[in-house]
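Q: Got a predicted structure plus its sequence, pasted below:
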Amino acid sequence: MPTTVFRRRPDWAGRNYSLLTAAAVVTNLGSHGALIAAAFAVLGAGGDGGDVGLVAAARTLPLVLFLLIGGAVADRLPRHRVMVAANTLNCVSQAAFAALVLAGEPRLWQMMLLSALGGTGHAFFNPAAEGMLLSSVRGDQAGRAFAVFRMAMHGATLGGAALGGAMVAAIGPGWVLAVDAVAFACAAALRAFLDVKHIPPRAPGGGMLADLREGWREFIGRPWLWGIVVQFSVANAVVGAADAVYGPLVARDHLGGAAPWGVALAFFGGGTVVGALLMTRWQPRRLLFTGTLCVFPLALPSAALAVPAPVTVLCAVMFVTGVSLEVFGVSWMTALHQEIPEEKLSRVSAYDWFGSVALVPAAMALAGPAETAFGRPEALWGCAVLVVVVTAAVLCVPDVRNLRRRSLQITGKIPDPASADTERPVG
């Protein structure tokens, strides 16, 4: 039989891309179950919705504080080393969290501290990981590569959320957190094998502040970039509060506990897989306009929780939201790959991440007081309305409506597929 039938991977899926995809699958299998486990660990220790919000805010606050530094570091040091160090910190913090919960009666400040350590790891990991991924694929196949990566990642989210919810119900949150620690250790080992020997040494800059200023100029000079980041600054805050704080509470009071909430999150993961599969075939010409239209359904889960809708309806809503949001995600990554110079990818990604999560800690911390002041349904309806308003507003930015996909994203000679592992300029 011809050997071409058994081709291991397409030309654009080089060694680095494959390792990055495998590591993302491993971490997503663990981390999405751990998010459910952390919420129910707080509730199991006698906490309320406000305490769940405080632990979630403690995880997100260091992400906001250290993201810009993480982006500058990732554009100076080898990105794979930054990723491995961050995964190691996440492994240690989750292992300690698991031991604390399994030992019994964890205190709120202890859970907040360990969550903060995990958030610090993510602050350094995210810009390095996004820069590494964006620079590890061929320009003419970028959209398909990002869609396949996200499909694999969200497939793991699908399994991790469903399995995590079931495991929390069956054996308790402590063991789910322990599994997440093992997943981070495995992912760090995979990322240690990334091939960076072909990457030319980066020219020394004028220092950390100079690097940050250069990244800021790149960021603020593109209205489509900062406009969408501002949009998601609000959207991520309110959706994060709805999912991390109100979701578990609605599940406990109306849906039957952790397992149905895990299934609903798994349906969202299933929708993202289907959306990514769609984007391997569909390449919308107006990247950001199409993607932004698909952000409107992000308001639907908050509305369903406000009703509250039955589990079947909530699962359907989560699935549709996952499909539409993934269209935006692939379009967004393709736009960054097309428009941002390679040597600035991590810094621009850091500003992107920073803006996108800047309001999340405050939203998490205020979720409990907002529920007390206005009521849980009213707070959830407010989340849904804010998503619609900011998404409609960003469509007023001309570059969001007009940015077009380029037919060829790398000028000159197309690189040999054999060298697809090498980081190279994009756009």
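A: Cool, the structure landed. Numbers count the residues shown, from 1 in each chain.

Q: Please enumerate the helices of the stretch 251-400 of the chain.
A: According to DSSP state H, counting those that start in this stretch, the stretch 251-400 of the chain carries its helices in the segments 258-281, 287-293, 300-306, 311-339, 345-357, 360-374, 376-394, 398-402.

Q: So which of the ones you listed is the most surrounded?
A: Burial among those, expressed as mean neighbours by mean count of other C-beta atoms under 10 Å, is greatest for helix 345-357, which shows a mean of 25. To be clear about C-beta, it is placed using only N, CA and C from the backbone, and glycine gets the same treatment.

Q: Make CSV from the helices of the stretch 251-400 of the chain and add mean pLDDT and distance to residue 209 to it.
A: Supplementary listing: those in CSV, determined by pLDDT from 0 to 100; distance: least, C-beta to C-beta, whole Å:
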stretch, mean pLDDT, distance to residue 209
helix 258-281, 83, 37
helix 287-293, 92, 31
helix 300-306, 91, 39
helix 311-339, 90, 24
helix 345-357, 82, 12
helix 360-374, 83, 24
helix 376-394, 92, 30
helix 398-402, 91, 28
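
Q: so which of those comes closest to residue 107?
A: When the helices of the stretch 251-400 of the chain are compared for distance to residue 107 using C-beta to C-beta, the nearest one is helix 360-374, at 17.9 Å.

Q: tell me what that closest one is packed against?
A: Here helix 360-374 is seen to pack against helix 49-76, helix 223-241, helix 376-394 when contacts are counted using 3 or more C-beta pairs under 8 Å, 6 or more residues apart in numbering; DSSP states H and E.

Q: Check which helices and strands the longest one is in contact with.
A: Spelled out, it's helix 49-76. The criterion is 3+ C-beta pairs under 8 Å, 6+ apart, and the helices and strands that helix 49-76 contacts are helix 15-44, helix 79-103, helix 108-134, helix 208-220, helix 223-241, helix 247-250, helix 345-357, helix 360-374.

Q: If we use 7 Å, what do you get?
A: For helix 49-76, the contact count by 3 or more C-beta pairs under 7 Å, 6 or more residues apart in numbering; DSSP states H and E identifies helix 15-44, helix 108-134, helix 208-220, helix 345-357, helix 360-374 as packing neighbours.

Q: just to revisit the earlier point, ranking the helices and strands packed on helix 360-374 by mean pLDDT, which is last?
A: Here those differ in mean pLDDT, and the lowest is helix 49-76 at a mean of 80.

Q: Excluding chain neighbours, what is closest to the residue nearest to the spatial centre of the chain?
A: Within the chain, the residue whose C-alpha comes closest to the C-alpha centroid is residue 126; the distance, by C-alpha atoms, centre = their mean, is 8.4 Å. Spatial nearest neighbour of residue 126, excluding adjacent residues (C-beta to C-beta, 6 or more residues apart in numbering): residue 353 at 5.2 Å.

Q: and what of residue 165?
A: Spatial nearest neighbour of residue 165, chain neighbours left out: residue 262 (1.6 Å); criterion: C-beta to C-beta, 6+ apart.

Q: Next up, the contacts around that neighbour.
A: 36, 161-162, 164-166 (C-beta atoms under 7 Å, 6 or more residues apart in numbering).

Q: would CSV of the residues you listed with secondary structure be doable?
A: Output for the contacts of residue 262, formatted as CSV (DSSP: H, G, I helix; E, B strand; the rest coil):
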residue, secondary structure
36, helix
161, helix
162, helix
164, helix
165, helix
166, helix
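
Q: pLDDT check: weakest of these?
A: Checked by pLDDT, those have residue 161 as the lowest-scoring entry (69).

Q: got any ranges where the stretch 51-200 of the chain has weak pLDDT?
A: Low-confidence segments of the stretch 51-200 of the chain, defined by pLDDT under 70, are located at 138-141, 161, 196-200.

Q: Residue 406 - that's part of a strand, no?
A: No: membership of residue 406 in a strand is not supported by three-state DSSP, which gives coil.

Q: give the contact list for it.
A: Residues in contact with residue 406 (C-beta under 7 Å, 6+ apart) are residue 338.

Q: For it, give its distance to residue 147.
A: Distance, residue 406 to residue 147, by C-beta to C-beta, to the nearest Å: 17 Å.

Q: one step back: so can I have CSV of the helices of the stretch 251-400 of the chain showing distance to residue 62?
A: Below are these laid out as CSV (distance: least, C-beta to C-beta, whole Å):
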stretch, distance to residue 62
helix 258-281, 24
helix 287-293, 29
helix 300-306, 26
helix 311-339, 24
helix 345-357, 10
helix 360-374, 9
helix 376-394, 24
helix 398-402, 31
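
Q: wait, which of those helices is closest to residue 25?
A: Closest of the helices of the stretch 251-400 of the chain to residue 25 is helix 258-281, at 11.8 Å (criterion: C-beta to C-beta).

Q: And the contacts of residue 262, which is closest to residue 214?
A: Scanning the contacts of residue 262 for proximity to residue 214, where the rule is C-beta to C-beta, the winner is residue 161, at 38.5 Å.

Q: Can you tell me the SS state at residue 245?
A: Under three-state DSSP, residue 245 comes out as helix.

Q: got the buried residues for stretch 172-191?
A: Using 16 or more other C-beta atoms under 10 Å as the burial criterion, the residues of stretch 172-191 that qualify are 172-181, 183-188, 190-191.

Q: now swap in stretch 128-147 and tell me
A: Neighbour counts using 16+ other C-beta under 10 Å place 128-139, 141-147 of stretch 128-147 among the buried residues.

Q: How far does it stretch from one end to the other?
A: Stretch 128-147 has an end-to-end distance of 19 Å (C-alpha to C-alpha, to the nearest Å).

Q: got it, and stretch 69-86?
A: End-to-end span of stretch 69-86 (C-alpha to C-alpha): 13 Å.

Q: ok, residues contacting that stretch?
A: In contact with stretch 69-86 (C-beta under 7 Å, 6+ apart) are residues 121, 123-125, 127-129, 131-132, 188, 191-192, 194, 196, 202, 208, 211-212, 215, 343-344, 346-347, 349-350.

Q: ditto for stretch 227-247
A: For stretch 227-247, the external contacting residues (C-beta under 7 Å, 6+ apart) are 39, 49, 52-53, 56, 261, 288, 295, 298, 301-302, 305, 352, 355-360, 363-364, 367-368, 376, 379-380, 383, 386-387, 390-391, 394, 397, 400.

Q: if you set the cut-off to 6 Å instead, what comes out?
A: Outside stretch 227-247, the residues that touch it by C-beta atoms under 6 Å, 6 or more residues apart in numbering are 49, 52-53, 56, 261, 302, 305, 352, 355-356, 358-360, 363-364, 367, 380, 383, 386-387, 390, 394, 397.

Q: What of stretch 274-285?
A: Among residues not part of stretch 274-285, those counted as contacts by C-beta under 6 Å, 6+ apart are 143-144, 147, 150-151, 290, 323, 326-327, 330, 404-405.
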